[in-house]
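Asks: here is a sequence together with a model predicted from it:
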Amino acid sequence: MIRELLDARAGEDYDLYARGINPQFMRVLKTIGFDRVWARAEGQYLYDSEGNRFLDMLGGFGMFNAGRNNPRIREALMETLELETPGSVQLGVSLLPGLLAEELLKRTPARLARVLFTSSGTEAVEAALKLGRAATGRTRVVSTEQSFHGLTLGALSAGGDRHFVERFGPLLPGFSQVPFGDLEALEVALRTEDVALFLVEPVQGKGVNLPPAGYLEGAQELCRSCGTLFAVDEVQTGFARTGKLFAYEHWGLEPDLVTVAKSLSGGYIPVGGLLMSQPVYDGVFDSLEHSVSHGSTFAPNDLAMAAGLATLRELDDAGLVERSARLGARLLELTRALTDEHEVVREVRGLGLMWAMEFGEPESGSVAWRLMERMQSGLFAQLVVVPLFTKHRVLSQVAGHDLPVLKGLPPLVVTEQDLEEFAGALDDVLAKAGRPTRVAGLALRAARAR
Ligand SMILES: Cc1ncc(COP(=O)(O)O)c(C=O)c1O
């Protein structure tokens, strides 16, 4: 049935989406030339209807760590469907959720003792906020500026991106933010001893900001001394993205709460989870009456659980943690070499295969650059993303709104050759985009487009 539908309506992707879902988004994709008709996907590649291969440096915003359409995860899903497993009994349980919880807890510090499954990252964050409040009897939540934790109201109240907040307020009371990396500010925020949790991404997804040395360890210590739960959001950094299974391992952290999602199902099925310490569990689910104080109908469904089990096995069997660390180092090496060649490149940073290149006004000074930034901040990164896609067939993204930062989150099955080609493509695009006349032209075009 699906094959017939896809054949019969082939090529209508964008028109149909515009008609029934989101015409404004389709206008954006058409304007920047991203309106390809996609035919199939495999590993780190997307193929359009004309047979062109694109390197996916975006990785579905980080949900395809194990590669797109991973055959072993697909096999596990098909097997589960064929088995007609008795999932989601609701007043009864099946085996798969317990198995996935066991596998997750095997791979995390002993401090984490229980898992609450969710169907997305933002829902895992909501769970952290709610359970954190109930377990501590406190209401305040502290997070960091420039953070991203999802788009439901609680997660949005913790997040730091004004673009997503405007028009949707008022946000939840009791939330405040401190600069990422600033322990003194955190100490001031926590010392009143009324903060339920401090929520932090170990590497901020928006901008790919790495924590300064000692920051996360210091934050954990401050949380412990102030009775605040230390909550680490691993929705984007988890499952080998940064060269460790979880990013907190880089600093030997032992959080009280950890949120996961995205790549846990290999990108096939919505899934997420909140890993929590025993005291958090005990503080919330403290009686028979409170045994189902939080949850969601679809969360521990058998397909999501099967995909999770298969993904964890795939990360192990394919050595993706080590691969992410090794290829991430190679990507840094290849792209740092571009810093000397192109004045607009200010910094290249990353951890594992979470990578970014930040642009800035050339040191020699550029009126055109300043003009362009005044038109629309972060525009230069957009102007790199577009030719990377249209000319070099590389799908990438700007790291958040208004940032002159190009970001890469490729599936971890990417090869060294892919990365070399990516660096070559970037070199070519920067050589053209970075020329003063070109920057001036782009600034002018940006001005006209407004
Ligand atoms: C760190 C972080 N937390 C939470 C979320 C929200 O996850 P979801 O989009 O699955 O709701 C994201 C999504 O990008 C994220 O990067």
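Replies: Thanks, I have it.
Asks: is it correct that Gln397 is in contact with Leu403?
Replies: No: taking contacts as Cβ atoms under 8 Å, Gln397 lies outside contact range of Leu403: 10.4 Å. Backbone N, C-alpha and C define where each C-beta goes, glycine included.
Asks: for the stretch 151-300 of the chain, what lies in contact range of the ligand?
Replies: Within the stretch 151-300 of the chain, the positions lying close to the ligand (Cβ under 6 Å from any ligand atom) are Glu201, Gly205, Asp233, Val235, Gln236, Ala261.
Asks: give me phi/psi at the second one?
Replies: What it means is Gly205. Dihedral pair for Gly205: phi -70, psi -40, per degrees, to the nearest 10.
Asks: chain neighbours aside, what residue packs nearest to it?
Replies: Leaving aside its sequence neighbours, Gly205 sits nearest to Gln236 (Cβ to Cβ, 6 or more residues apart in numbering; 4.5 Å).
Asks: I figured that neighbour hits Pro202, correct?
Replies: No: with contacts counted by Cβ under 8 Å, Gln236 stays clear of Pro202, the gap being 9.5 Å.
Asks: residues in contact with the closest residue to the ligand within the chain?
Replies: Nearest residue of the chain to the ligand, counting by Cβ to the nearest ligand atom: Gly121, 2.2 Å away. Listed by Cβ atoms under 8 Å, 6 or more residues apart in numbering, the contact set of Gly121 reads His149, Gly150, Asp233, Val235, Gln236, Thr259, Val260, Ala261, Lys262, Gly272.
Asks: what are the contacting residues of whichever helix in the chain runs longest?
Replies: Ranked by residue count under DSSP state H, the longest helix found in the chain is helix 320-341. The contact list for helix 320-341 (Cβ under 8 Å, 6+ apart) reads 65-66, 240-245, 314-315, 345, 347-355, 357, 408, 412-416, 419-420, 422-423, 426-427, 430-431.
Asks: now do the buried residues in that helix.
Replies: Across helix 320-341, burial judged by 16 or more other Cβ atoms under 10 Å covers 320-321, 323-325, 327-328, 331-332, 334-336, 338.
Asks: can you list these in TSV and add pLDDT and distance to the ligand?
Replies: As requested, these are exported to TSV (pLDDT from 0 to 100; distance: Cβ to the nearest ligand atom, whole Å):
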residue	pLDDT	distance to the ligand
Leu320	98	19
Val321	98	19
Arg323	98	21
Ser324	98	17
Ala325	98	20
Leu327	98	21
Gly328	98	18
Leu331	98	20
Leu332	98	21
Leu334	98	25
Thr335	98	22
Arg336	97	25
Leu338	96	26
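Asks: residue nearest the centroid of the protein?
Replies: Nearest to the mean C-alpha position of the chain, by Cα atoms, centre = their mean, lies Gln236 at 3.2 Å.
Asks: mind listing what that one touches?
Replies: Going by Cβ under 8 Å, 6+ apart, the list of residues near Gln236 reads Phe61, Gly62, Gly121, Glu201, Val203, Gly205, Lys262, Met354, Leu409.
Asks: now do it against Gln204, distance only.
Replies: 9 Å (Cβ to Cβ, to the nearest Å).
Asks: quick one on the thing from earlier: looks to me like the residue nearest to the centre of the chain is in a strand.
Replies: No: if the criterion is DSSP: H, G, I helix; E, B strand; the rest coil, then Gln236 is coil and not within a strand.
Asks: how far away is the nearest residue to His401 once chain neighbours are set aside from Lys206?
Replies: Closest residue to His401 apart from its sequence neighbours, by Cβ to Cβ, 6+ apart: His163 at 4.5 Å. Taking Cβ to Cβ as the measure, His163 falls 10 Å from Lys206.
Asks: buried stuff in stretch 89-109?
Replies: Under the neighbour-count criterion of 16+ other Cβ under 10 Å, stretch 89-109 has Ser94, Leu96, Pro97, Leu100, Ala101, Glu103, Leu104, Arg107, Thr108, Pro109 buried.
Asks: so the fourth one sits right up against Ala310, yeah?
Replies: No: taking Cβ under 8 Å as the definition, Leu100 is not a contact partner of Ala310, at 10.0 Å.
Asks: mind showing which ranges of the chain have poor pLDDT?
Replies: By pLDDT under 70, the weakly predicted segments of the chain are 434, 436-450.
Asks: care to break it down by domain?
Replies: Segmentation of the chain into domains, based on automatic domain parsing, reads 1-35, 37-66+319-449, 71-317.
Asks: counting contacts, what elements does the host helix or strand of Phe380 pack onto?
Replies: Following DSSP states H and E, one finds Phe380 within helix 379-390. Using 3 or more Cβ pairs under 8 Å, 6 or more residues apart in numbering; DSSP states H and E as the contact test, the elements touching helix 379-390 are strand 354-359, helix 367-375, strand 397-398, strand 405-408, helix 416-433, helix 436-449.
Asks: the first one vs helix 367-375, what angle?
Replies: With axes from the mean of the first three to the mean of the last three Cα atoms, to 10 degrees as the basis, strand 354-359 and helix 367-375 are set at 120 degrees to each other.
Asks: what angle sits between strand 354-359 and helix 416-433?
Replies: Using the same axes, to 10 degrees, strand 354-359 lies at 20 degrees relative to helix 416-433.
Asks: which strands or helices does strand 354-359 pack on?
Replies: helix 320-341, strand 345-351, helix 379-390, strand 405-408.
Asks: what's the burial count for Val37?
Replies: Neighbourhood size, Val37 [other Cβ atoms under 10 Å]: 12.
Asks: contacts only, for the residue lying closest to it once chain neighbours are set aside.
Replies: Nearest residue to Val37, sequence neighbours excluded (Cβ to Cβ, 6+ apart): Ser49, at 4.1 Å. Neighbour list for Ser49: Ala10, Gly11, Arg36, Val37, Trp38, Ala39 [criterion: Cβ under 8 Å, 6+ apart].
Asks: check contacts around the third one.
Replies: Neighbour list for Arg36: Asp48, Ser49, Asn52, Phe54 [criterion: Cβ under 8 Å, 6+ apart].
Asks: before we move on, what SS does the residue nearest to His401 have?
Replies: Going by three-state DSSP: His163 is helix.
Asks: is it in contact with Leu403, as I believe?
Replies: No: with contact defined as Cβ under 8 Å, His163 does not count as touching Leu403 (11.1 Å).
Asks: the more surrounded of these two?
Replies: Leu403 (20 against 9).
Asks: tell me the phi and psi of the more buried one?
Replies: phi -110, psi 130.
Asks: done for today, thanks.
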